[in-house]
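>>> okay, here's the prediction I keep looking at, along with the sequence it came from:
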Amino acid sequence: DPTVLFTIAGMVPFKPFFVGDEVPPWPRATSVQKCFRTVDIDIIGTTLRHCTFFEMLGNFSFGDYFKTGAIPFAWELVTEVLGIDGDRLWVTVHESDDEAEEIWRDQIGVPAGRIQRLGEDNFWKMGDTGPCGPSSEIFIDKGPAYGADGGPASGGPERFIEIWNLVFMQFNRSADGTTEPLPKPSIDTGAGLERILPVLQGVDSLYDTDLYVPLLDVAQSITGRTYGADERDDVGLRIMADHSRAMAMLVSDGVLPSNEGRGYVLRRIIRRAVRRARQLGVEGPCTERLVDTVVGVLGAAHPALAEQHRLIVDVVGREEEGFLRTLATGTAILEEQLADGTATVPGDVAFRLHDTYGFPVELTVEIAEEAGLPSGVLNVVHGLGPEAGLALVDHPGVDLISFTGSAGTGVPLGVATGLSRPLGHFFDTYITIFWSTPSIALLPLLVVWFGLTLETKLALVFLSAFWPLVINTQVGIQNVDKSYQEVATAF
């Protein structure tokens with residue numbers, strides 16, 4: 001699927017069937033799908049329920065059975081086949097889905113007090129247009145020791161854990177936002193294997209299951225730290241365990257470290273694992289032992305891991321060795337900068353780390369946050385030219401900008417003023433042309449000018465009085481950290 005970097009859900013391989021591009025060869029299917037989600041990378045290790053690589057279990061109907069079939073299937077599997085106590089289960093449905101609630105209550109027998117209606121959280125869509133529909137989820141209550149009561153709607157997030165999701169694809173959404181019933185309603189369900197295992201094995205989290213314990217054991221052996229003794233150490237050990245699974249799986253699927261796309265994601269998780277190991281006292285390479293353990297745990301279920309074991313070790317090992325050199329240099333420079341209690345990381349420092357030493361911008365942000373700086377604070381405009389400034393502003397990890405430049409430094413004004421990234425780039429390119437070749441840049445302005453009404457021309461003349469505030473990189477703002485939207489308001 002060219003619209004995603006990785007397979008992020010079990011339904012992705014079946015997408016052509018759901019949107020009608022292809023005719024499915026069968027009316028129903030089940031699958032165990034390897035998945036990888038980048039959205040959770042930054043919170044890995046800080047919770048007990050998130051992971052980057054996971055296996056999604058699912059059953060699908062392509063115009064065959066619908067709600068009256070899918071809901072009993074889910075309940076039978078969860079309670080009878082897996083043996084989970086139905087009295088510990090809660091159900092959510094979309095606020096508009098009377099039919100699903102009636103099936104859960106009247107056909108399955110779930111007490112009305114354990115069925116909750118939610119809004120957008122229980123409505124699935126493939127995109128702004130196309131198939132969509134309400135969903136229904138099954139949650140397990142881990143008990144009072146894990147948080148407040150109140151069910152999935154208002155209870156503790158570590159207490160009520162989603163273990164099954166049923167999507168009822170029954171509408172088609174048009175570009176104007178209206179929906180109409182699909183001629184053949186379909187079913188897409190999903191259950192994360194790693195979410196269900198703690199329940200089946202009677203442990204607190206996915207990190208206590210037999211998928212992760214061997215990885216945590218080797219991480220403890222490598223670092224000399226004990227899991228459970230210190231929460232900060234535990235986060236690092238969990239990152240090492242999770243990312244080792246992910247890096248091994250990605251390489252076995254043909255992904256190689258690079259500076260873009262899938263390769264950049266792989267590079268990032270390898271580097272995050274290596275950096276955490278170094279923080280926990282590891283001086284030399286450590287990924288080979290982690291990869292060996294991943295292959296030992298998952299190799300039987302995923303033969304490609306065992307077949308490419310040596311290749312995976314070599315690819316990950318080379319990336320680790322290169323990054324260890326980068327890390328030593330970059331960390332020393334950054335720690336020196338942070339030692340004086342600064343409230344921001346100057347953009348020239350961040351860009352030099354990135355451009356000269358290959359030190360990732362998101363790693364600069366991560367280290368700055370660990371040092372107590374506000375999330376994403378980088379003093380982007382700090383004597384940088386437009387290319388350097390835009391290179392940093394473009395990075396998804398840079399959320400805030402501090403304007404402390406001086407005249408002539410080439411602030412990326414278009415991006416900073418809250419325009420969308422493409423429009424912002426266009427604006428900044430135009431400003432660059434304006435200063436270098438005014439005659440060319442003025443031509444389109446003159447064409448537009450003669451087409452304006454008198455009132456509009458007077459308004460522009462009035463606004464031009466304030467233009468020096470904008471074009472001067474001081475822009476009337478000194479040492480102020482603002483989001484894009486706040487900067488636009490300030491302008």
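Noted; the coordinates are in hand. Residues are numbered from 1 along each chain as shown.
>>> for the stretch 101-250 of the chain, what are the low-confidence residue spans?
Within the stretch 101-250 of the chain, no stretch has pLDDT under 70.
>>> let's go with 80 and repeat that
126-128, 130 (pLDDT under 80).
>>> kindly report the same for the stretch 251-400 of the chain.
338-352, 354-400.
>>> residue ranges of the helices in it, please?
For the stretch 251-400 of the chain, applying DSSP state H, counting those that start in this stretch gives helices covering 261-279, 287-298, 303-307, 309-338, 347-357, 361-370, 386-393.
>>> can you redo these as CSV with mean neighbour count and distance to residue 126?
Any C-beta I mention is one placed from the backbone N, CA and C, and that applies to glycine too. Listed next are the helices of the stretch 251-400 of the chain as CSV, based on neighbours: other CB atoms under 10 Å; distance: least, CB to CB, whole Å:
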stretch, mean neighbour count, distance to residue 126
helix 261-279, 21, 22
helix 287-298, 20, 30
helix 303-307, 16, 29
helix 309-338, 17, 33
helix 347-357, 19, 36
helix 361-370, 19, 29
helix 386-393, 22, 31
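>>> JSON lines for those helices, including distance to residue 25?
Listed next are the helices of the stretch 251-400 of the chain as JSON lines, based on distance: least, CB to CB, whole Å:
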{"stretch": "helix 261-279", "distance to residue 25": "28"}
{"stretch": "helix 287-298", "distance to residue 25": "29"}
{"stretch": "helix 303-307", "distance to residue 25": "25"}
{"stretch": "helix 309-338", "distance to residue 25": "33"}
{"stretch": "helix 347-357", "distance to residue 25": "48"}
{"stretch": "helix 361-370", "distance to residue 25": "42"}
{"stretch": "helix 386-393", "distance to residue 25": "47"}
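>>> and residue 187, which of these is closest to it?
In terms of CB to CB, the element of these nearest to residue 187 is helix 287-298, at 28.8 Å.
>>> follow-up on the earlier one: looking at the helices of the stretch 251-400 of the chain, which is closest to residue 11?
helix 261-279 (19.9 Å).
>>> that closest one vs helix 309-338, what angle?
70 degrees (axes from the mean of the first three to the mean of the last three CA atoms, to 10 degrees).
>>> quick one: residue 110 and residue 102 touch, right?
No - using CB atoms under 8 Å, residue 110 makes no contact with residue 102, being 10.9 Å away.
>>> who's more crowded, the two?
residue 110 (21 against 13; other CB atoms under 10 Å).
>>> so what's the nearest residue to that one once chain neighbours are set aside up against?
Nearest residue to residue 110 in three dimensions, chain neighbours excluded: residue 104, at 4.6 Å (CB to CB, 6 or more residues apart in numbering). By CB atoms under 8 Å, 6 or more residues apart in numbering, the contact set of residue 104 is 71, 91, 93, 110, 115, 136.
>>> who are the packing partners of the helix or strand that contains residue 138?
Using DSSP states H and E, residue 138 maps to strand 130-141. In terms of contacts (3 or more CB pairs under 8 Å, 6 or more residues apart in numbering; DSSP states H and E), strand 130-141 is packed against helix 15-19, helix 67-75, strand 89-94, strand 123-125, helix 151-154, strand 160-173, strand 179-192.
>>> so what sits opposite residue 171 in the bridge?
Residue 171 forms beta bridges with residue 132, residue 181, as assigned by DSSP bridges.
>>> neighbours of it, how many?
For residue 171, using other CB under 10 Å, the count is 19.
>>> any idea how far the host helix or strand of residue 247 is from the chain center?
Per DSSP H and E, residue 247 falls inside helix 231-252. Counting by CA atoms, centre = their mean, to the nearest Å, helix 231-252 is centred 16 Å from the centre of its parent chain.
>>> again with stretch 55-64
24 Å.
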